[in-house]
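>>> Return a 3D structure for these sequence lines:
(chains A and B)
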2 protein chains.
Amino acid sequence: MSDYKTPLRDIQYVMWELLGYDQHYQSLPGGEEASADVVSAVIEEGAKFCDNVLAPLNAVGDREGCKWDDGVVTTPTGFKEAYQQYVEAGWPSMCHHLEHGGQGLPQSLGTILSEMVGSANWSWGMYPGLSHGAMNTIEAHGTPEQKEHYLTKLVEGTWTGTMCLTEPHCGTDLGMLRTKAEPNADGSYSITGTKIFISAGEHDMAENIVHIVLARLPDAPAGTKGISLFIVPKFNLNADGTLADRNGVKCGSIEHKMGIHGNSTCVMNFDGARGYLIGPANKGLNCMFTFMNTARLGTALQGLAHAEVGFQKSLEYARDRLQMRALSGPKNPDGPADPIIVHPDVRRMLLTQKAFAEGGRMMIYFTAQQVDIIDRSDDEEAKKAADELLGFLTPIAKAFLTETGFEAANLGLQCFGGHGFISEWGMEQNVRDCRISMLYEGTTGIQALDLLGRKVLMTNGESLKRFTKIVHKFCQANEGNEAMAEFIQPLAAINKEWGDLTMHVGMAAMNNPEEVGAASVDYLMYSGYAVLAYFWALAAANSQAKLAAGEGDKAFYDAKVKTARFYFQRLLPRTRTMVDTIKSGANNLMELDADAFAF
Amino acid sequence: MSDYKTPLRDIQYVMWELLGYDQHYQSLPGGEEASADVVSAVIEEGAKFCDNVLAPLNAVGDREGCKWDDGVVTTPTGFKEAYQQYVEAGWPSMCHHLEHGGQGLPQSLGTILSEMVGSANWSWGMYPGLSHGAMNTIEAHGTPEQKEHYLTKLVEGTWTGTMCLTEPHCGTDLGMLRTKAEPNADGSYSITGTKIFISAGEHDMAENIVHIVLARLPDAPAGTKGISLFIVPKFNLNADGTLADRNGVKCGSIEHKMGIHGNSTCVMNFDGARGYLIGPANKGLNCMFTFMNTARLGTALQGLAHAEVGFQKSLEYARDRLQMRALSGPKNPDGPADPIIVHPDVRRMLLTQKAFAEGGRMMIYFTAQQVDIIDRSDDEEAKKAADELLGFLTPIAKAFLTETGFEAANLGLQCFGGHGFISEWGMEQNVRDCRISMLYEGTTGIQALDLLGRKVLMTNGESLKRFTKIVHKFCQANEGNEAMAEFIQPLAAINKEWGDLTMHVGMAAMNNPEEVGAASVDYLMYSGYAVLAYFWALAAANSQAKLAAGEGDKAFYDAKVKTARFYFQRLLPRTRTMVDTIKSGANNLMELDADAFAF
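Coordinates of the predicted model:
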């Protein structure tokens, strides 16, 4: 059983056939380099690396985990060598701007590479993945000297980066953070405090590690308005940027955790470590928010990744494993039993995974196009629209795709029966690794508050309308199309209902602010199913057109239409429950006294 | 944070106040020993052992796991000693019949003890738990000599037992099994073959292990009609029943698996091992089916156990952890933030766990009463009714309570944010341990086919009606009760709809047998929500009556009514989706060619 094979056909379908990536890239300033030929070649090269180098290390990483010894962290066998190959091939610099050693390809291509890397080996992918936050921060807010010394090394990949936010007593509530930054005479700061859950905080894969640390200046206001950002390197730099002595930051321990064992999750102790202010004092959280959407989109990929892996493996197993006969009579009469893919419930589990994996791909690739526009476009109106769409879709993609990714990973395991629980098949690792995705970068509950509170209600529904208008236009364009009626009718209905439901919650929230929290997760999941309904309808329309024109591989397009049908008939009805629970209001959650939950 | 504290108040509530266990026990022949005083004392004694001895070993078992060395399995530190205490206290014999050294207490009391043991430490509980299948088999089908030699030792607990069914190529499809039993001159048989997934197949906790093995006689018909049952002891017995030499059965390896690390999951190699036929030749599977319901009810307990543990720990955390302010204003103004239990979405996660744990307790305790009646009653009509109810409720309890138990365990983890992923809190172990419950003793899919195919459709809906009549009577009895209207109206509606939906599927299945498999899992889950709606309405009625009478602890009954309200408004609406998906039919699952699932 193969570990992972990059689904090149589907990736290329979504890019070129469904979402018009060719035209999208050509329309971006500087995007002319990203021709379909070049991009396809890049993706195929990436696929070889992911399938042949990273995927076989995935089980190794889980089994060995990282090892900590007096502050030194050793990564699993093969991780370091794979990273060297990755750096030598130039992957870290692919989507960074030319001025700092980047290759200048669009960011969406980085997202697609991250999907492949993460599906092959999520734990490994987090080492280069975490660098992006550090790079983006320095690029946006660093001084020219900081860019020269730190950014170029991060872009070439010889150093990696981290984001140091969480402390033992605060995760979501960063206003409570305590790490101190005291000014030194030379303009640097002494950073003191403990950070936890620092992914890739310490490891043996790169020469240096650049920590971006949230801390408080001595005179900082309380709460979120008194947080500043600092660069704290593992090794101090000489004036010429070469490595000097070790800085006062040390990994105190690594966490024992449910999954992603191959990635080091570090407690980082800053003991008067030398740090450098980056960006304006006390505005650190604002600077961070700039990149929150991209970091969250990166986590959305994790849901897609585990859904894809679970789907691939359980499909292979379901075709091979012989057990029982089909209820409608033997399908493999010469064998001792039928392959379990004949059973409707096994098909339900496979199709659910397929619909979430392929659907998630459409959703994320579309969202990534908005990132490109924000990053590159010189059309201010287009940038504003893209920014609003990105802000709206990000919490949905992050929470909905990780929740459904976890469901998919569990269904993949379930297809294996008892064997799914046994480590050697890899299905239980896929579930364990996936579980973190609903927690980090803001839990599902936090994403839901971001969506409903900040993005939808605080814009009076404008950000929702930005998306529902796209859906409405699509429905109108397909109005007379008989073959599309089975998709367009329910899509148009849910698109309207979505607005009504939002209005309902908005009204309720005016009387009682707790109504927002009471509705939020169901509202987010409802929104996810609505967004995915649009993309599956889009794929159905696109594929029906190909079939009608007799173009390309009939079986491929036919499968898209049938998967869209499965989605509309078997998954979209989940929204029926959410409408009821959202409308049930906050009272059923709030009326029980905190002391009366158990006796 | 405590590991587990037996919820004595709720256990006693469900037994004595809700389900009339006192009257139930007194009406059973031989049940007069089981007075409320005696039973309550037994439960309190059991709770001490579970809370103080077993629960602290739960994390130890996960961390250390079992160790295999050349066929010898060593259990985690403390497991053996705890088992000795358990045996010395007489727990194994509690519910077995007096004639073989049992104490003759009703089986339902054993179920309640199993809930407590399993919640405290599921892996440990499986060692004595697996013995019950062996005991029941020998009691029902063994010769007097087999009973004397094997059963008495199992009942006293100095030996443990296993059930050896699964082989590498067959789990669900036992008709394919290959293990051979060849007759010896002395009337015994030589058993040869490999069995996998044998829980507690080898360990160091008991003097001897009694394997009940499914195998084929040389002249056996193919398929399920050619399977016989054999007793195969780890150590052969001398004529007087004392231990002789080692038999030809050896543990080839133990599995590396997602959870329940403290329990040994063994590959058992039978190499001409000496075995003894038990029950009639070729009727082994029929003999097994007698106990399938009790074994499956034992697994249903696992869902309840992990829901309860997750709920207890996440409730404690939610009351302690300070993070963010309530949307309606500070609730802990003097602290740096509010405890997270103020947030509606955290309450949603807590109440979901509570509703499933307490609801599952009601469902299982009611089902266990049917086991008592079958086991003890001399009223043939009552036994028939109980048998039908048990057959109907067992697949629902097994699949629905493990699926919702896994959801609850994950919500418990989710309440901890990122900390939930870290091993030291125990929440991720709770999720990992729970995951097996949806797989063993028949997957959710197999339970669903059993329910819809064998239990409901093959009886033309009679077994469903047996339950819906109970619900109907309850609704009628509460018809004029204003305060109960919010529960009775939706309960009566779903009780009617349940029958209509069954009819719908039955009609569809006449045209296409695949419709059964296509509807089955959603039908089972629908049925689970319907059954739980009855029990929560029952608890609401019972508690409202206490409140009206001003009896007992007002806060306790008030919490029951509010949890029932949460259940009806937030969980029961999930049936809306299932009605839609069931009615969507088999086509959306069957129309895609097996070759076209991926390209």
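>>> lowest-confidence helix or strand of chain A?
Of all helical and strand segments in chain A, the minimum by mean pLDDT, DSSP states H and E falls on helix A:284-320, at a mean of 92.
>>> can you tell me if the following helix or strand past it touches chain B.
Moving toward the C-terminus from helix A:284-320, the next helix or strand (DSSP states H and E) is helix A:344-376. Yes: using CB under 8 Å from any CB of the partner chain, we find that helix A:344-376 touches chain B at A:Pro344, A:Asp345, A:Val346, A:Arg347, A:Arg348, A:Leu350, A:Leu351, A:Lys354. For every residue, glycine as well, the C-beta is placed using N, CA and C.
>>> my read: the last one touches A:Lys562, true?
In other words, A:Lys354. No: between A:Lys354 and A:Lys562 there is no contact, the gap being 10.0 Å when judged by CB atoms under 8 Å.
>>> out of those two, which sits in the busier spot?
Higher neighbour count among A:Lys354 and A:Lys562: A:Lys354, with 25 against 21, using other CB atoms under 10 Å in any protein chain shown.
>>> follow-up on the earlier one: out of the residues of helix A:344-376 next to chain B, who has the most neighbours?
Greatest neighbour count in those, by other CB under 10 Å, goes to A:Leu350: 29 neighbours.
>>> Chain neighbours aside, what residue packs nearest to A:Arg9?
Closest residue to A:Arg9 apart from its sequence neighbours, by CB to CB, 6 or more residues apart in numbering or on different chains: B:Phe599 at 4.6 Å.
>>> residues contacting that neighbour?
Contact analysis of B:Phe599 by CB atoms under 8 Å, 6 or more residues apart in numbering or on different chains lists A:Arg9, A:Asp10, A:Asp553, A:Ala555, A:Phe556, A:Ala559.
>>> With adjacent residues omitted, what lies nearest to A:Leu28?
Closest to A:Leu28 by CB to CB, 6+ apart is A:Arg376, at 4.3 Å.
>>> From the structure, what's the count of residues near the one you found?
So A:Arg376, with other CB under 10 Å, has 20 neighbours.
>>> Read off the pLDDT value for it.
Note for A:Arg376: predicted pLDDT of 94.
>>> picking up where we left off before, with pLDDT added, can I get the residues of helix A:344-376 next to chain B in CSV?
Listed next are those as CSV, based on pLDDT from 0 to 100:
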residue, pLDDT
A:Pro344, 98
A:Asp345, 98
A:Val346, 98
A:Arg347, 98
A:Arg348, 98
A:Leu350, 98
A:Leu351, 98
A:Lys354, 98
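>>> Pick the one among the residues you listed closest to A:Tyr534.
Of all the residues of helix A:344-376 next to chain B, A:Lys354 has the smallest distance to A:Tyr534: 17.7 Å, by CB to CB.
>>> which ones are touching that closest one?
Residues near A:Lys354 by CB under 8 Å, 6+ apart: A:Phe311, A:Thr563, B:Phe597, B:Ala598.
>>> and what of A:Ala519?
By CB under 8 Å, 6+ apart, the contact set of A:Ala519 is A:Leu452, A:Val505, A:Ala508, A:Ile582, A:Ala586.
>>> of those residues, list those near chain B.
With CB under 8 Å from any CB as the criterion, these include A:Ala586 near chain B.
>>> neighbour-wise, which of the contacts of A:Ala519 leads?
Neighbour counts for the contacts of A:Ala519 peak at A:Leu452, which has 28 neighbours (criterion: other CB under 10 Å).
>>> my read: that residue touches A:Ala508, true?
No: contact criterion CB under 8 Å: A:Leu452 and A:Ala508 do not qualify, at 11.5 Å.
>>> Tell me how many other residues crowd the residue in the stretch 151-300 of chain A that chain B sits nearest to.
Nearest residue of the stretch 151-300 of chain A to chain B, counting by CB to the nearest CB: A:Met258, 3.7 Å away. Using other CB under 10 Å, A:Met258 is surrounded by 24 other residues.
>>> ok, now which ones touch it?
Contacts for A:Met258 were tallied using CB under 8 Å, 6+ apart; they are A:Arg432, A:Arg435, A:Ile436, B:Phe421, B:Ile422, B:Ser423, B:Glu428, B:Val431, B:Arg432.
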